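> Build me a structure from this.
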Amino acid sequence: VQLVESGGGMVQPGGSLRLSCVASGFTFSSYDMNWFRQAPGKGPEWVSGINPGGDSTYYADSVRGRFIISRDNAKNTLYLQMNSLKPEDTALYYCAREDPHPPTESDRFDYRGQGTEVTVSS
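Numbering: from 1, shown residues only. Now for the predicted structure:
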């Protein structure tokens, strides 16, 4: 299993970025996928999730209405469109696969990528 993120960078407040996560080594279209972020000095924060078909999406309150998660199963790629970015969105963003039958809650997200840095600053 491999998850590789891209698309991060530095952007001014109010700007937009589109993150991508290319998956390999498993049947991408069979899994719920998620985005997390981790700001400097803080713990991981779940950002958004999407079901295998892409017709159900979920968002943290902090990003709802500004971020859009989507997927292209033909390309084995997960996306996160981030709009109206704020300085508090600055973090390492990574995608994670969700195990549909985790042995414990702590095993729920069984694989993650290395992440891509997003910095929102003027």
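> need the contact list for Arg108.
Applying C-beta atoms under 8 Å, 6 or more residues apart in numbering to Arg108 gives the contacts 98-99, 102. Backbone N, C-alpha and C define where each C-beta goes, glycine included.
> tally of neighbours for Asp32?
17 (other C-beta atoms under 10 Å).
> do the same with Arg64
11.
> hang on, it is in a strand, isn't it?
No: assessed with DSSP: H, G, I helix; E, B strand; the rest coil, Arg64 is coil; it does not lie in a strand.
> Now do it against Ser56, distance only.
Distance of Arg64 to Ser56, computed by C-beta to C-beta, to the nearest Å: 14 Å.
> Then Ser122?
Here Ser122 is placed at a distance of 36 Å from Ser56 (C-beta to C-beta).
> what about the residue nearest to Gln12 when sequence neighbours are not counted, how many residues close to it?
Excluding the flanking residues, the one nearest Gln12 by C-beta to C-beta, 6 or more residues apart in numbering is Ser122, at 5.4 Å. Close neighbours of Ser122, defined as other C-beta under 10 Å, add up to 8.
> so what's Ser122 scoring on pLDDT?
For Ser122, the pLDDT comes out at 94.
> How about Arg18?
pLDDT recorded at Arg18 is 98.
> By mean pLDDT, point me to the weakest helix or strand of the chain.
The weakest-scoring helix or strand in the chain, judged by mean pLDDT, DSSP states H and E, is strand 109-112 (a mean of 94).
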